[in-house]
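Novice: Following is a predicted model, sequence given first.
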Amino acid sequence: MMSSILLVDDEPEILAASRLILESEEYEVSCASNGAEALVCVVAHVPDLIVTDWMMPIMDGAELCRRLKSMPQSADVPILVHTAVPPSSSDAQYWNACLLKPSGTNLFLETIAQLCGGGVRC
C-alpha cells in the first residue's frame with residue numbers, strides 16, 4: 001500500500017516540485033498552502049506523514065505542529081519540518097525530523113523513507 005503524505009508550504013513552486021518528486025516514488029500526495037488548510041485536510045483524511053514548512057502566513061509550522069499533536073487522530077502522525085529557517089529547539093517535541101532547504105532530493109527522500117519505515121506508522 002502506498003504511503004500518503006500531506007505537503008504544507010506557502011510557496012507553490014516548492015509544493016509542485018516536492019509533489020512531483022514524491023509521486024515519482026509512488027507516494028500518494030496532497031497539498032496545503034498553510035497550517036489552517038493543512039488541518040482541514042487532516043480532518044478529512046489523516047495522512048501517514050506530514051511535511052511542513054515552518055514560516056507560513058495564516059498559521060505557521062509551529063502552531064500547526066502543536067495542533068496536530070493535540071488532536072487524537074493525528075497525534076501519532078510523524079512530522080518532517082522542511083524549512084529555510086531552523087525552528088527553535090524548544091519546539092522539537094512537536095516534530096520527528098527537520099531538514100533545512102535546500103536539502104537535496106536524495107536526503108529529502110531518505111528522510112521520508114525513514115519516517116515511513118522503522119517503528120513509525122506510515
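Specialist: All right, it came through fine. Residues are numbered from 1 along each chain as shown.
Novice: State the distance spanning the first to the last residue of stretch 90-103.
Specialist: For stretch 90-103, the first-to-last residue distance is 22 Å (Cα to Cα, to the nearest Å).
Novice: ugh, typo on my part, it should be stretch 76-95
Specialist: Rule used - Cα to Cα; the end-to-end distance of stretch 76-95 is 10 Å.
Novice: what mean pLDDT would you report for it?
Specialist: Averaging pLDDT along stretch 76-95 yields 89.
Novice: Stretch 47-64 too?
Specialist: The average pLDDT for stretch 47-64 rounds to 95.
Novice: go on, stretch 4-19?
Specialist: 96.
Novice: Go through that stretch and flag the buried ones.
Specialist: Neighbour-count burial for stretch 4-19, with 16 or more other Cβ atoms under 10 Å as criterion, is recorded at Ser4, Ile5, Leu6, Leu7, Val8, Asp9, Asp10, Ile14, Leu15, Ser18, Arg19. In this view, the C-beta of every residue, glycine as well, is placed from N, C-alpha and C.
Novice: Tell me the strands beside the helix or strand encompassing the third one, with direction?
Specialist: This means Leu6. Using DSSP states H and E, Leu6 falls within strand 4-8. Strands that pair with strand 4-8, judged by DSSP bridges, come out as strand 28-32 (parallel), strand 49-52 (parallel).
Novice: Contacts for the first one next, please.
Specialist: Contacts with strand 28-32, where a contact means Cβ atoms under 8 Å, 6 or more residues apart in numbering, come from 2-9, 15, 18-19, 22-23, 38, 40-41, 45, 47.
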